[in-house]
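*Asks:* would you be able to build a 3D model of this:
(chains A and B)
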Protein chains: 2
Amino acid sequence: MVDYVVYGRGSFNQLDEILASQRKDGAPMIFLLDHFFENKSLASRIPLHGNDKIIIADVTYEPKTTYVDKIAADLKNEFGKVSGIIGIGGGSTLDLAKAVSLMMNNPGSSADYQGWDLVKYPGVYKAGIPTLSGTGAEVSRTTVLTGPTKKLGMNSDFTPFNQIVLDPELTSNAPVNQRFYTGMDCYIHCIESLQGTYLNEFSKSYGEKALELCQKVFVEKNVWDDESDDALMMASFAGGMSIAYSQVGVAHAVSYGLSYLLGTKHGIGNCIVFDKLEEYYPDGVYEFKKMVEKNKIDIPQHITKGLSDEQFDTMINVSLGMKPLWENALGKDWEKTMTREKLRKLYEQL
Amino acid sequence: MVDYVVYGRGSFNQLDEILASQRKDGAPMIFLLDHFFENKSLASRIPLHGNDKIIIADVTYEPKTTYVDKIAADLKNEFGKVSGIIGIGGGSTLDLAKAVSLMMNNPGSSADYQGWDLVKYPGVYKAGIPTLSGTGAEVSRTTVLTGPTKKLGMNSDFTPFNQIVLDPELTSNAPVNQRFYTGMDCYIHCIESLQGTYLNEFSKSYGEKALELCQKVFVEKNVWDDESDDALMMASFAGGMSIAYSQVGVAHAVSYGLSYLLGTKHGIGNCIVFDKLEEYYPDGVYEFKKMVEKNKIDIPQHITKGLSDEQFDTMINVSLGMKPLWENALGKDWEKTMTREKLRKLYEQL
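*Replies:* Modelled structure (predicted):
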């Protein structure tokens, strides 16, 4: 689990104090700031000392192993050692921060560690400050990365942040569409966890609470206000805890294929897929469609139209490689249910 | 936060594997086992190696600072260093384990550290395995101790366990009365947290979920079964998280006085007090009385009858010393509301 959690409106103002005890002589704090905030006021609120550095994280695409490796190599060249890596942004920025922290202390390429429990050494101190709610990246033990052969995270006990700062004020200016897609990432985490075969009372409690908060925000309430930001930030945390103790399911397994091939971003990719999953999650998909309508969102259609057989095969290979996700969703005999043919038909619907 | 959480029926069987990576050459694992389990089968399931030692924790009374100091001193004399302290039992045993772990690495007496953020150094590795659900001791950053001048915990960032193992099977043989009183500790945590002035969305989410689970177990269900054990163990965890991010209130502040003077155990003491708190928590007390009736529990009455003025003053002093609890319950101006006279009347009712 994350070592330290601070939650509260305005808690970003405590960042300087929080980081003070983690600073090592001459070694800077490195702030990876989501490019969304370049030249915005949040950038000027970052508490810089000495040779601290802000790196604008280019998250036009979700993090690639090559990008992680480059940032870590540049930091080693410039500073030798750093005191810590602080990620401020959406899920991509948080995952990037976790991965860079790990690569400051582990040899080779981050692509070598895509998988489960391959990371050898703890990373440098790392803190995460989400500015979008829903991904669960603030609590997860993974960092989703696109590598040369797969889209898969560095899942390990060393991956979670040492510190997270959950300040709902930071999410108040998120673009409406992005906020919806990312919020749905959380909603889908809950559905996949609660209907999965890996469920236990621990993940169930977190999943139910997160689901309730998502419903409050996207189904019950008619305006977006501070309460919405507060609730969705907590939903993201609880949804992340739920999947950390169970697993995600069909929507994530299929959307990983999409994003590997087409670069579809995680939040919107999940929505595109979940929209077609009545067969697996009938109640969840019904409610999802209501939320889409109520919040006046357009879910892109026909994004796989015109792809070649080879391209479909690539997506199918990436997706079927996510064995724990399929097992959680469909049980131990999932390979009998989810054949390549069936998955191809599903991709063709998207 | 606790570093590692394992939840699941039968997860106690993973203890050997969990501890393996924490063992240091020649330094034993010390298991503090609640005296309730002496000569019971759980004792024989503890994975002993080399010079590992089981210490039967005498929790007839709640842990005293003198008892903590004695165990730590004896361990230093016998072994020099230990690999870790593993507490297996109810809240008293868990708190004892946390305190002994800290006193293996901190000079002086545990009484020196009763308060907030006084502990200087991290303790040795410590793990907690609850066998009763409700106290929240498995996740708290305190260890409630009775010292020479106060009943107060070693509240610090070093206090939480490194590892907890939540195995609901271990709670299945708890005596019915004890199970109820300890379960009500959790229920009362939720009410005090949810109605407190320190509440935020983080503690609220945990408090609401824990409350819902308590209600399921003690109000809705008519038989005690595995599902009850599963739910109450999760309720305890969530209730503990809720108060960790807010604070407890009137029932705890008053019951600390009782237990300091009379040795009343925490669970039953909270019930004795909460039973008379309609003025502060009307809905919670109403539901509490229904649960008492449904579960056929007798709450002791007139336990303060015949006490001297001096004894009442002692309880009042201990209770009014718990400033953060009163502030959470009654707001910043709590001292105007809760006068010594008013508190005396409350104690006389118990």
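*Asks:* which residues in chain A form strands?
*Replies:* In chain A, the segments counted as strands under DSSP state E are A:4-7, A:29-34, A:53-57, A:84-89, A:115-116, A:125-130, A:144-146, A:151-155, A:163-166.
*Asks:* turn those strands into TSV, columns for distance to B:K81, mean neighbour count and mean pLDDT.
*Replies:* No exception for glycine: its C-beta is placed from N, CA and C like everyone else's. Shown next, in TSV, are the strands of chain A (distance: least, Cβ to Cβ, whole Å; neighbours: other Cβ atoms under 10 Å in any protein chain shown; pLDDT from 0 to 100):
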stretch	distance to B:K81	mean neighbour count	mean pLDDT
strand A:4-7	27	18	96
strand A:29-34	34	25	98
strand A:53-57	41	18	98
strand A:84-89	30	28	98
strand A:115-116	33	14	92
strand A:125-130	27	28	98
strand A:144-146	40	24	92
strand A:151-155	33	24	91
strand A:163-166	29	24	98
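*Asks:* closest to chain B out of those strands?
*Replies:* Of all the strands of chain A, strand A:4-7 sits nearest to chain B, with 3.8 Å by Cβ to the nearest Cβ.
*Asks:* in its sheet, which strands sit next to that closest one, and in what direction?
*Replies:* strand A:163-166 (parallel) (DSSP bridges).
*Asks:* quick one: closest of the strands of chain A to B:L94.
*Replies:* strand A:4-7 (21.0 Å; Cβ to Cβ).
*Asks:* give me the residues contacting the closest one.
*Replies:* Residues lying outside strand A:4-7 but in contact with it, judged by Cβ atoms under 8 Å, 6 or more residues apart in numbering or on different chains, are A:14, A:18, A:162-166, A:233-234, A:237, B:1, B:157, B:200-202, B:245.
*Asks:* and the helices in the stretch 251-350 of chain A, which stretches?
*Replies:* In the stretch 251-350 of chain A, the helices defined using DSSP state H, counting those that start in this stretch lie at A:266-274, A:282-294, A:309-320, A:323-330, A:334-337, A:340-349.
*Asks:* can you tell me which of these is packed in deepest?
*Replies:* Of all these, helix A:266-274 carries the top mean neighbour count, a mean of 26, counting by mean count of other Cβ atoms under 10 Å in any protein chain shown.
*Asks:* that one packs against which elements?
*Replies:* Helix A:266-274 is packed against helix A:91-103, helix A:176-194, helix A:250-262, helix A:282-294, with contacts defined by 3 or more Cβ pairs under 8 Å, 6 or more residues apart in numbering or on different chains; DSSP states H and E.
*Asks:* tell me what angle that helix forms with strand A:151-155.
*Replies:* Orientation check (axes from the mean of the first three to the mean of the last three Cα atoms, to 10 degrees): helix A:266-274 against strand A:151-155 gives 120 degrees.
*Asks:* what is the mean pLDDT for helix A:266-274?
*Replies:* The predicted model gives helix A:266-274 an average pLDDT of 97.
*Asks:* got the angle between it and helix A:91-103?
*Replies:* Calculated by the same axes, to 10 degrees, helix A:266-274 forms an angle of 120 degrees with helix A:91-103.
*Asks:* name the surrounding residues that touch helix A:266-274.
*Replies:* Outside helix A:266-274, the residues that reach it (Cβ under 8 Å, 6+ apart) are A:62, A:91-92, A:134-135, A:144, A:178, A:181-182, A:184-185, A:188, A:191, A:250-252, A:254-255, A:258-259, A:264, A:281, A:284-285, A:288, A:292, A:297, A:299-300, A:303, A:350.
*Asks:* near chain B, which residues of the stretch 101-250 of chain A are found?
*Replies:* A:157, A:166, A:168, A:200-202, A:204-206, A:208-209, A:213, A:230-231, A:233-234, A:237-238, A:245 (Cβ under 8 Å from any Cβ of the partner chain).
*Asks:* run the last query once more with 6 Å
*Replies:* By Cβ under 6 Å from any Cβ of the partner chain, the residues of the stretch 101-250 of chain A that approach chain B are A:N200, A:E201, A:F202, A:S205, A:K209, A:D230, A:M234.
*Asks:* quick one: neighbours of the first one, just the number.
*Replies:* In this case it means A:N200. Using other Cβ atoms under 10 Å in any protein chain shown, A:N200 has 17 neighbouring residues.
*Asks:* got it, and the fifth one?
*Replies:* Here the number of neighbours of A:K209 (other Cβ under 10 Å) works out to 26.
*Asks:* that one against B:S205, yeah?
*Replies:* Yes. Using Cβ atoms under 6 Å, A:K209 is in contact with B:S205, at 5.4 Å.
*Asks:* quick check: closest non-adjacent residue to A:F12.
*Replies:* Nearest residue to A:F12, sequence neighbours excluded (Cβ to Cβ, 6 or more residues apart in numbering or on different chains): A:D167, at 4.4 Å.
*Asks:* touching, that neighbour and A:N13? I think so.
*Replies:* No. In terms of Cβ under 6 Å, A:D167 does not count as a neighbour of A:N13; the distance is 8.3 Å.
*Asks:* so for those two, which sits in the more crowded spot?
*Replies:* Between A:D167 and A:N13, counted using other Cβ under 10 Å, A:D167 has the larger neighbour count: 22 against 14.
*Asks:* the more buried one and B:R179, how far apart?
*Replies:* According to Cβ to Cβ, to the nearest Å, A:D167 and B:R179 sit 40 Å apart.
*Asks:* the residue in the stretch 51-200 of chain A that chain B sits nearest to: what's it in contact with?
*Replies:* At 5.7 Å from chain B, A:N200 is the closest residue in the stretch 51-200 of chain A, using Cβ to the nearest Cβ. Applying Cβ atoms under 6 Å, 6 or more residues apart in numbering or on different chains to A:N200 gives the contacts B:G8.
*Asks:* now it: how far from A:E327?
*Replies:* 15 Å.
*Asks:* can you check A:K296 too?
*Replies:* Computed as Cβ to Cβ, the A:K296 to A:E327 distance reads 37 Å.
*Asks:* check A:L343 too.
*Replies:* Going from A:L343 to A:E327 by Cβ to Cβ gives 15 Å.
*Asks:* for A:T143, same thing?
*Replies:* Look at A:T143 and A:E327: by Cβ to Cβ, they are 22 Å apart.
*Asks:* swap in A:I30?
*Replies:* A:I30 sits 38 Å away from A:E327, going by Cβ to Cβ.
*Asks:* what's the answer for A:S11, then?
*Replies:* A:S11 is 38 Å from A:E327, by Cβ to Cβ.
*Asks:* repeat that for A:T149.
*Replies:* Counting by Cβ to Cβ - A:T149 and A:E327 are separated by 21 Å.
*Asks:* still on that earlier bit, just the buried residues from the contacts of helix A:266-274, in ChimeraX please.
*Replies:* The buried residues among these can be selected in ChimeraX (16 or more other Cβ atoms under 10 Å in any protein chain shown) with this line:
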select /A:62,91,92,134,135,144,178,181,182,184,185,188,191,250,251,252,254,255,258,259,264,281,284,285,288,292,297,299,350
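*Asks:* ok so, going back, what's the closest of the helices and strands packed on helix A:266-274 to B:A127?
*Replies:* Nearest of the helices and strands packed on helix A:266-274 (Cβ to Cβ): helix A:91-103, 25.5 Å.
*Asks:* what's the angle between that closest one and strand A:29-34?
*Replies:* Relative orientation of helix A:91-103 versus strand A:29-34 (the same axes, to 10 degrees): 150 degrees.
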